[in-house]
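Participant: Provided below are the primary sequence and the corresponding predicted coordinates.
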Amino acid sequence: MLRRPPFPRPAASVVDRLRSELERAVGPSKLLTSEEGCGRFAADESDQEPVLPDAVVLAENAEDIVKTMAVASALGVPVTPRSAGTGKSGGAVPVCGGIVLSTLGMKQVKEIDRREQIVVVEPGIVLIDLYRAVEAEGLFYPPDPNSHENCAIGGNVAENAGGPRAFKYGVTRDYVLGLEVVTASGERLRVGKRTIKGVTGYDLTALLVGSEGTLAVTLEATLQLLPKPEHVVTLLAWFAHVRQAVSTVSEVVAAGLVPRCMELLDGACLEAMRREGVPVHEGAGAMLLIELDGPEMVCERDMQRVGEIATAGGALEVVVAQSDTQRSKLWATRRELTNVVKKLARHKIAEDVVVPRTRMGELVDEVGRISEREGLRMFAYGHAGDGNLHVNVLWNEDREIPHVEAALGAVMRAVVRMGGALTGEHGIGSSKSKYLELEHGPELIALERRIKDVFDPSGILNPGKIFPGQGQRRGHGAC
């Protein structure tokens, strides 16, 4: 587990006053202050070191959030917004202590409008429940992070979550029409719209999506929907080398085909899966899982063309699912990977990075060289359609941490050198903040800090995230 320099926490006298005022504001039933109760909110799904908050507010409605932020603002106490806590970059870890503001209790679907194809939801609704609600109306919400059975919309909005279907359909930001939010001072605002078009003023909705809980707390999201696809077909192709798989992805795109998913696994991933007894083609050094949706005749035609391109690109075998059951079996190979990798070492970091599609093979090769140089097990897999790969680093002993840090730095530098981005869907959080300057120069970071100051002049909203070396500012109630 990687360690960070400690951030300052609120003074004991401030914590006592904080707990007292929160109890009056939201009631004792919505407030946790015991070590056991707060301990459940000390970490997220990243490998960042847990930090115990001083208090946890279990918000059930918008007023709970408004009152919490008003108390925090008056005392100058940090607030870490949190939905389901499934994030991978440490965004929900309360690095300065203070308050964890949980919105998971706000799960309501407030409106589904079939004619306008929109849905209005609270931030705590779990994504799988949103899917079920809108699909019952013949509609479709495309963003699909792999944690969709557990993650919540509030976190998706904060991190601009993506997923396998992003190549065809885009990411969370592409579907958020409007938001209701609470600022650091407790002010309640509506931004955005309910219509597809609308360019009045600055696009604050797009700014807030992906801001990682550092600018405002989401109360409500208005999301655009699409008609539910008529048909889905799935294909799995095995290749001897990852470069053949990457080339096939480029050829599919060049042919004018737009699969909704193109998932890539490298040879290290496949070897790990073989050792765990997962069925993998004997000679395969890479795997592509490709899925298309749309009218049935179009899907069948396009899938045949994809199969031909994969075969021409050197595929050892191409398997097409003939039923929903077979589709599930093909996807099981991809979904089993996370469980397999978790068993291989005591600690694992999964960094999501993005490079141009044509350079994915180059990145995978570079990961292999870094792995060999640092003596670590490393894997690369992810969303080949948009060049978003998840680079996993595994280790067991604390003495290996310097090599882990060196490997992560080398990966980040390689990604930027290839014209890529440090994160595609997990966010910067606290895990990648020290690498931000590799991609964003000092002038851009200075501008971003000024934007943060406008929304949160006291620096109390999710401090220690995104920006390198940023903790909470010291003020009249400072930590």
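Facilitator: Thanks, I have the structure now.
Participant: Next, count neighbours for the closest residue to P279 other than its chain neighbours.
Facilitator: Nearest non-adjacent residue to P279, counting by C-beta to C-beta, 6 or more residues apart in numbering: T333, 7.3 Å away. Using the backbone N, CA and C atoms, a C-beta is placed for each residue, glycine as well. For T333, the count of nearby residues is 18 (other C-beta atoms under 10 Å).
Participant: do G124 as well
Facilitator: Number of residues near G124 (other C-beta under 10 Å) recorded here: 23.
Participant: Same question for L270.
Facilitator: Residues lying near L270 (other C-beta under 10 Å) number 23.
Participant: repeat for P295
Facilitator: Residues near P295, counting by other C-beta under 10 Å: 11.
Participant: do the same with E372
Facilitator: E372: 10 surrounding residues under other C-beta under 10 Å.
Participant: Can you name every helix or strand that the helix or strand that contains it contacts?
Facilitator: In this structure, E372 sits in helix 360-374 according to DSSP states H and E. Judged by 3 or more C-beta pairs under 8 Å, 6 or more residues apart in numbering; DSSP states H and E, helix 360-374 is in contact with helix 242-254, strand 377-383, strand 388-395, helix 401-417.
Participant: so how far is the lengthiest helix in the chain from its chain's centroid?
Facilitator: For the chain, the helix with the greatest residue count under DSSP state H is helix 324-342. A distance of 20 Å separates the centroid of the chain from that of helix 324-342, by C-alpha atoms, centre = their mean, to the nearest Å.
Participant: Spit out the contact partners of the nearest residue to I196 once chain neighbours are set aside.
Facilitator: Closest residue to I196 apart from its sequence neighbours, by C-beta to C-beta, 6+ apart: Q224 at 6.9 Å. By C-beta atoms under 8 Å, 6 or more residues apart in numbering, the contact set of Q224 is Q117, I118, D174, Y175, V176, L177, I196.
Participant: same thing but at 7 Å, please
Facilitator: Q117, I118, Y175, L177, I196 (C-beta atoms under 7 Å, 6 or more residues apart in numbering).
Participant: Relative to A406, which of those is nearest.
Facilitator: Taking C-beta to C-beta as the measure, Y175 is the one of the contacts of Q224 closest to A406, at 38.5 Å.
Participant: and the angle for the lowest-mean-pLDDT helix or strand in the chain with strand 377-383?
Facilitator: Sorting the helices and strands of the chain by mean pLDDT, DSSP states H and E puts helix 324-342 at the bottom, at a mean of 79. Using axes from the mean of the first three to the mean of the last three C-alpha atoms, to 10 degrees, the direction of helix 324-342 lies 150 degrees away from that of strand 377-383.
Participant: Check the gap between the closest residue to S371 other than its chain neighbours and E425 for me.
Facilitator: Once flanking residues are discounted, S371 sits nearest to M378: 3.9 Å by C-beta to C-beta, 6+ apart. Applying C-beta to C-beta, to the nearest Å, the value for M378 to E425 is 20 Å.
Participant: any residues touching the longest helix of the chain, and which ones?
Facilitator: The contact list for helix 324-342 (C-beta under 7 Å, 6+ apart) reads 234, 236, 263, 265, 269, 272-273, 276, 278, 289, 319, 321, 348, 379, 381, 392.
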